[in-house]
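[1] Build me a model from this:
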Amino acid sequence: MNKFQIRKKMLKMRRQNNYKNSNINFGYILEILKKEKIYGKVIGGYYPYNYEIDLIKIFKKFERMNYRISLPKTKKNFKMDFFNWSTKDPLEINKYGIPEPTSNKVKYPNVLLVPLVAFDKNLNRIGYGAGFYDRYIKKIKKIKKIVTIGLAYSFQQINKVPVNKHDIKLDYIITEKKI
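    All right, here's what the predicted structure looks like:
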């Protein structure tokens, strides 16, 4: 199967399965932060959309631990940056129907929680196909050390993701079952 076919199949499965009660173990994320010796207090994430893993509870836990949250805002040419956001802040809907922060304060994350549609055991991912995260990860890794963690349901794992030269491998992938 090619990426388009895999994406179509996985999005349909995610919509049908609607795993509202499947949560990511917050301890898994803390375990990675400890192992990687991440001392920066900025977590980049995403606002859950299209049956993605819901991060709101995780964001609230990080805020209680004095972390700053940043969410992406899309820009021209399939690029994005991350902007300061709190779970108490309003959001606005972008042209893709995805909620974004209203803040104009760019916040480069130390840890980036990445949504994905499918993944394999080699930490390759398939997203929605526009390359926003691949471009962003490539850009930010030139600026600072960052740890990338993909979040998915275990059923989204496939044998092998077809990769090309633009695809960026993640550092970790966490499902509701394991790291």
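[2] tell me the secondary structure for the residue nearest in space to the middle of the chain?
    With distances taken as Cα atoms, centre = their mean, the residue of the chain nearest its centroid is residue 114 (1.5 Å). Recorded secondary structure, residue 114: strand (DSSP: H, G, I helix; E, B strand; the rest coil).
[3] Residue 36 reaches residue 147, doesn't it?
    Yes - using Cβ atoms under 8 Å, residue 36 is in contact with residue 147, at 5.0 Å. For the C-beta atoms, the positions are set from N, CA and C on the backbone; glycine is no exception.
[4] measure residue 57 to residue 173 for me?
    Noted for residue 57: a distance of 19 Å to residue 173, by Cβ to Cβ, to the nearest Å.
[5] Counting neighbours, go ahead and name the busier of these two.
    Per other Cβ atoms under 10 Å, whichever of residue 57 and residue 173 has more neighbours is residue 173, with 23 against 12.
[6] max-length helix in this structure?
    In the chain, taking DSSP state H as the definition, the longest helix is helix 3-17.
[7] More neighbours: which of residue 36 and residue 147?
    Neighbours were tallied for residue 36 and for residue 147 using other Cβ under 10 Å; the higher tally belongs to residue 147 (20 against 16).
[8] For the more buried one, list the residues it contacts.
    Residue 147 sits next to 32, 33, 36, 38, 110, 111, 112, 171, 172 when contact means Cβ atoms under 8 Å, 6 or more residues apart in numbering.
[9] Fine by me, thanks again.
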